[in-house]
Structures are given as C-alpha cells and as structure tokens.
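Enquirer: Sequence plus predicted model, see below.
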Amino acid sequence: MNIISRRNFLQTAALTGAGLALGPSLFGKDEVVDKNWKSPHANLVSPDKKVRLAVIGCGGQGGVDANIMAGGVQFAAFADVDYDRASAWFLREPNVPRYRDYRKMLDEQKDNIDAVLIATPDHTHFPAAVMAMNLGKHVYVEKPATHTIGEARYLKALAKKTGLVTQMGNHGHAYDGCRELKEWIEAGVIGDVTEVHIWTNRPVWPQGVPNPDPEKKFEVPSTLDWNLWLGVSKYYNYNPDYVPFDWRGMWDWGTGAIGDMACHMFDPIFTAIDLRGDVKVSSESEGATEFSCPKWAKVKYEIGASKTRPKPVTFNWYEGKCRPHLKDLPDGLFKEEKDIPHTGMLYVGTKGAIIDTDDYGTRMRLLPAEKWEVFRKNRPPKKYARVPDRNARMEFIRACQGGPTPGSNFVDHSMDLTEWGLLGVLSLRLGNKTIDWDYKKGVCRGLPEANKFIHKEYRVF
Ligand SMILES: NC(=O)c1ccc[n+]([C@@H]2O[C@H](COP(=O)([O-])OP(=O)(O)OC[C@H]3O[C@@H](n4cnc5c(N)ncnc54)[C@H](O)[C@@H]3O)[C@@H](O)[C@H]2O)c1
C-alpha cells in the first residue's frame, strides 16, 4: 500500500478524500488513510454538531444536492426567487426561514448559518459566493462555479485568503475515475499524453436563438421575482423560453454546452496531467448571436511542453453535431466510423490511448480492445486516496467539520479547471477568434476586446 505523507497529503488535497469524520470502516482494505489529518480550514463546525446549511436556489440541481446533504445537515434558511420551484423544500421543511433575495437571507440569518449551497443559474454563483464567503461561510457552488475567468481568479484568491471550505459541484471528481486516470498515466500506461478529444451531444437545450425582441412582453409568473432572477445580469424582459433550465444556452446567464460540460468532462484529464500555462485557443462554430451560444462548436487548445508536461498537448472539444471522425484520430483505435461512441473522452499518448464513455469519468478502458483485455487483469497499484463514499456533497460537509479538504476545492483545483473551460467559451464569444492566453497576467495577448468578457459588468439590482 502506498501511504501518502502528511505533507504530500496537504499538497495533493485536490486528489485526496480520506474522510476521518466517517471512520475507517468505509475504506476498502487497500485504501490510503491519513490518520494524522488536521484541517487547515477556518470556521470549522464541531463534528458532534450538524452543519447549518443555507440553500440558494432550491429547485432543479439545488434540490438534488440538498437532498444528498440532508442527512448530515440542519437546514438553516432557503432563498429562491421562485416560490413555486422551491415549494417541495418549503413543504418538506416548513419551519426553515424562506427568502426570495439571498442577500436579505445572508444578512438576517448570518449568525445561524455555517455553510451555503449555491445552485442558481451560472451568472448568480459569483455574487452569492462572494457575499457568503465574506461573511465567513463555507460554500458548495454548482458548476461552472463562475461565469467569467475574472470571477474564477477572484474566488480562488478569496478562498485562499479566508481559509474557508470550498467545493465546486462537479461531483464526478469524488468518484475514482480522476484518480485512476492519473495513476494509469503516471504509471506510463499510454506514455506521454499528446492529444485529447472530448465530445458531447449537448446542447440538448436551445442555442443559436435570435436576439430578444424588446417589444415582446410576457406576463411574469406570480411566483417569480424576475428582477432578482436577473440579478447582476443586463436587464431583459421576462420570457418563458429562458427559465427554468434553458438559460444555459444564453451568454448573459450561462456558458453554453462547453461551459456546462467542461467541469465534468475535462475534469479527469485536467486532474491527471498539468494543463496550466500559456495556451493558444481557437474555435469554429455556427449560429451564435450576441445573446445566444452557438448551435454547434469545435474548440482547439494547444499547449506547449513544460517542466511538468513532457510533450505539447492538443486538446479538442466537439459539441452539438460535431464529433471526431476516423480521419481525425490516430490509426488503429477504432476500426470503423460507427465504432466511435456518441459521447466520449479520448486520451492519446506516445504509447497508447484511453477512452472514457461516461461524462463523469467512470467508464475508462484502453484502446484498442485487445490491449484492454490484458490490462484490466493487471492494473497499476492505487496511489491516490479515494473519497470513502464517492460523495462530493458529503465530502464538503465532512470538511466543514474538520474532515479532509474537498478535492474540487477552489484553491487547488476547481477554479483552474473552470478557467480552462471558460477559455473555450471566450474564443466562441469573441466570434471564433484565436486566443493567445497569458496565464500569468490573465489576459489575451493582442486582443483587448476580450477584456470585457474576462471581467464583465454587473447590474445593480
Ligand atoms: N452537477 C451537475 O451535474 C449539475 C446538473 C444540473 C445543473 N447543474 C448546475 O446547477 C445550477 C442550476 O441549474 P438548474 O438546471 O437547476 O437550473 P434551474 O433554472 O432549473 O433551477 C435554478 C433554481 O435556482 C432558482 N434561482 C434562480 N435564480 C436565483 C437567485 N438569484 N436566487 C435564488 N434562487 C434562484 C430558481 O428559481 C430555481 O429554483 C447551474 O449552475 C447548473 O450548471 C449541475
């Protein structure tokens, strides 16, 4: 068994999940546990007390997350701009204070809250997280945690400064896949990674829709506060085509298919190899408007070799009707076009290739099939600790009580991952301009028009 030292354990917090709070019985025999773990985080809740959790955005995914956390928390307050969407939680927890405006909730209930779950549309994650963190609250923020790269860099710095517990909602990071992929690649199973192809059938929501007609007005449902839903975004008239859910294909509120899925599908390879640094990002797409993300897109990232990256890597994203074809891929991986799965993450190295057909990184195998049959019976040893119950939501709650730092925390992992996805969004939003990204400065070299998307304007509401 490979025991990770305490120092290494802290350094590799993005990968570790040995949860002392749940006790060793949850661990498999060969799993790594750090018995000396001492949390570096601020404002910890005593393990014999329940974490007092406030929820911002109780319908949709927020309801799913809250349900998974329910056993380990005491709900302290709910905020939702639409009391109809939140009604299931209001019925389930009739004594929990409820609000439409998260600012009022945080202001009035701050002494009763330890942690905040934020699961609103993407554009509201940042203002809500900043307010909660400035009040000293731990935050679990759905993915993508931010709407712009500037916001991702700000939240990373704020998490570092405050020492609070943070976790992004790319829950697949708590599964074993990210760790296994890192172990396989570090064991040299496919050599040095040179090429990545990731493709999805999304968007499965409207993209490529025309700019809104300002003359067209719909009645706002009586349960919804539209001004609060818009929050910091530019003002638009209400339209039932935007809420719920479909806002993700519209630039002011979402980040399109790539922004939606990057935090899941880019996560395993972003965890396994170092993809931080200067990078060139180019794109092709069709149907984007000032208001809406494109109907389909391809994005290419080209990153050079470095001390931690033995070979340059070309990283390709395909969405909508696009996907890699036989002609785009190295010979011998697939026999026929029809063998290429409809969604996938393909990692090509100097000595072989791995394919994963699960968006959350749990269905990896070697290509071609004959290699996999031999390899599956003789896999590299486990090196990185697993999250005991593979549960990202409870990993966060345990961390609020002194358990290990969550893997997708803002400081070590999730803000850098979010930035990598948002670089693709940026190239698309700039009308398929090629970006020469200066990682240190956080700017696009020679492209000042990119700045308004890296750091956006916020409406006062
Ligand atoms: N981890 C995952 O697998 C996963 C899956 C789906 C969605 N998500 C993420 O979850 C978030 C929410 O997505 P969704 O599909 O549930 O959206 P949705 O539109 O269906 O629901 C959002 C909920 O938040 C409420 N809301 C909106 N603005 C609010 C505000 N300012 N304050 C308080 N409440 C507000 C809405 O009324 C609704 O209840 C998004 O960031 C999305 O990317 C993650």
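Expert: Structure received.
Enquirer: For the residue in the stretch 251-400 of the chain that the ligand sits nearest to, give me its contacts.
Expert: The minimum distance from the stretch 251-400 of the chain to the ligand, using C-beta to the nearest ligand atom, falls at Asp260 (5.7 Å). Placement of C-beta: from N, CA and C, glycine included. Taking C-beta atoms under 8 Å, 6 or more residues apart in numbering, we find Asp260 in contact with 144, 202-203, 248, 254.
Enquirer: before we move on, which element is the spatially closest residue to Val232 that is not a sequence neighbour in?
Expert: Spatial nearest neighbour of Val232, chain neighbours left out: Tyr458 (4.1 Å); criterion: C-beta to C-beta, 6 or more residues apart in numbering. Tyr458 is part of no helix or strand when elements are defined by DSSP states H and E.
Enquirer: re the thing from before, what strand or helix carries the residue of the stretch 251-400 of the chain closest to the ligand?
Expert: Applying DSSP H and E, one finds Asp260 within helix 256-265.
Enquirer: Poorly predicted segments of the stretch 1-150 of the chain, please.
Expert: The stretch 1-150 of the chain contains residues with pLDDT under 70 at 1-33.
Enquirer: ok, Ala42 touching Thr162?
Expert: Yes - between Ala42 and Thr162 there is a contact under C-beta atoms under 8 Å: 6.3 Å.
Enquirer: what's the overlap in contacts for these two?
Expert: In contact with both Ala42 and Thr162: Gly136, using C-beta under 8 Å, 6+ apart.
Enquirer: And these two? Which one has more around it.
Expert: Thr162 (19 against 12; other C-beta atoms under 10 Å).
Enquirer: and that one, what does it touch?
Expert: 42, 133-134, 136.
Enquirer: Tell me which two of those sit farthest apart.
Expert: Comparing every pair within the contacts of Thr162 by C-beta to C-beta identifies Ala42 and Asn134 as the most remote, at 12.7 Å.
Enquirer: Now the residue nearest to Val232, what are its backbone angles?
Expert: Main-chain dihedrals, Tyr458, degrees, to the nearest 10: phi -120, psi 130.
Enquirer: what about it, distance to the ligand?
Expert: Relative to the ligand, Tyr458 is positioned 13 Å away (criterion: C-beta to the nearest ligand atom, to the nearest Å).
Enquirer: Verify the stated contact: that residue with His123.
Expert: No - taking contacts as C-beta under 8 Å, Tyr458 lies outside contact range of His123: 9.4 Å.
Enquirer: Find residues that contact each of those two.
Expert: Contacts common to Tyr458 and His123, judged by C-beta under 8 Å, 6+ apart, are Val232.
Enquirer: Go ahead and name everything in contact with stretch 295-302.
Expert: 203, 207-208, 256-258, 275, 279-287, 312-322, 420, 423-424, 427-428.
Enquirer: now swap in stretch 45-54 and tell me
Expert: 21, 66, 69, 72-79, 105-106, 109, 112-117, 132, 137-138, 397, 400-402.
Enquirer: and those, which are buried?
Expert: Buried by 16 or more other C-beta atoms under 10 Å: 21, 66, 69, 72-73, 75-79, 105-106, 109, 113-117, 132, 137-138, 397, 400-402, out of those.
Enquirer: Are we agreed that Met131 is in a helix?
Expert: Yes - Met131 forms part of a helix when assessed by DSSP: H, G, I helix; E, B strand; the rest coil.
Enquirer: neighbours around it, how many?
Expert: Neighbours of Met131 using other C-beta under 10 Å come to 20.
Enquirer: residue contacts, the residue nearest to it when sequence neighbours are not counted?
Expert: Using C-beta to C-beta, 6+ apart and skipping the chain neighbours, the partner closest in space to Met131 is Leu106 (5.6 Å). Contacts for Leu106 (C-beta under 8 Å, 6+ apart) come out as 54, 113, 116, 131-132, 135, 137.
Enquirer: if we go to 7 Å?
Expert: 131-132, 135 (C-beta atoms under 7 Å, 6 or more residues apart in numbering).
Enquirer: so which of those comes closest to Ala88?
Expert: Ala132 (23.0 Å).
Enquirer: thought the closest one was touching Val116?
Expert: Yes - assessed by C-beta atoms under 7 Å, Ala132 is found in contact with Val116 at 4.2 Å.
Enquirer: tell me, what's touching those two both at once?
Expert: Val139.
Enquirer: Stretch 190-205 spans what distance, first to last residue?
Expert: 36 Å (C-alpha to C-alpha, to the nearest Å).
Enquirer: element containing the closest residue to Cys178 other than its chain neighbours, please.
Expert: Leaving aside its sequence neighbours, Cys178 sits nearest to Thr271 (C-beta to C-beta, 6+ apart; 4.1 Å). Thr271 is located in helix 267-272, with elements delineated by DSSP H and E.
Enquirer: do the same with Leu346
Expert: Leu346 belongs to strand 344-349 when assigned by DSSP H and E.
Enquirer: list the helices and strands that strand packs on?
Expert: strand 193-199, helix 267-272, strand 353-356 (3 or more C-beta pairs under 7 Å, 6 or more residues apart in numbering; DSSP states H and E).
Enquirer: okay, Thr162: pLDDT?
Expert: According to the prediction, Thr162 has pLDDT 98.
Enquirer: Lys382 in helix, strand or coil?
Expert: coil.
Enquirer: how near is it to Glu183?
Expert: Per C-beta to C-beta, to the nearest Å, Lys382 is found 7 Å from Glu183.
Enquirer: How about Tyr140?
Expert: Distance from Tyr140 to Glu183, by C-beta to C-beta: 27 Å.
Enquirer: Would you agree Thr124 falls within a helix?
Expert: Yes - assessed with three-state DSSP, Thr124 lies in a helix.
Enquirer: quick one, what contacts it?
Expert: Gly231.
Enquirer: and the stretch 201-350 of the chain, which of its residues are near the ligand?
Expert: 228-229, 231, 243-245, 260 (C-beta under 6 Å from any ligand atom).
Enquirer: Filter the residues you listed down to the buried ones.
Expert: Burial by neighbour count, 16+ other C-beta under 10 Å: within these this picks out 228-229, 231, 243, 260.
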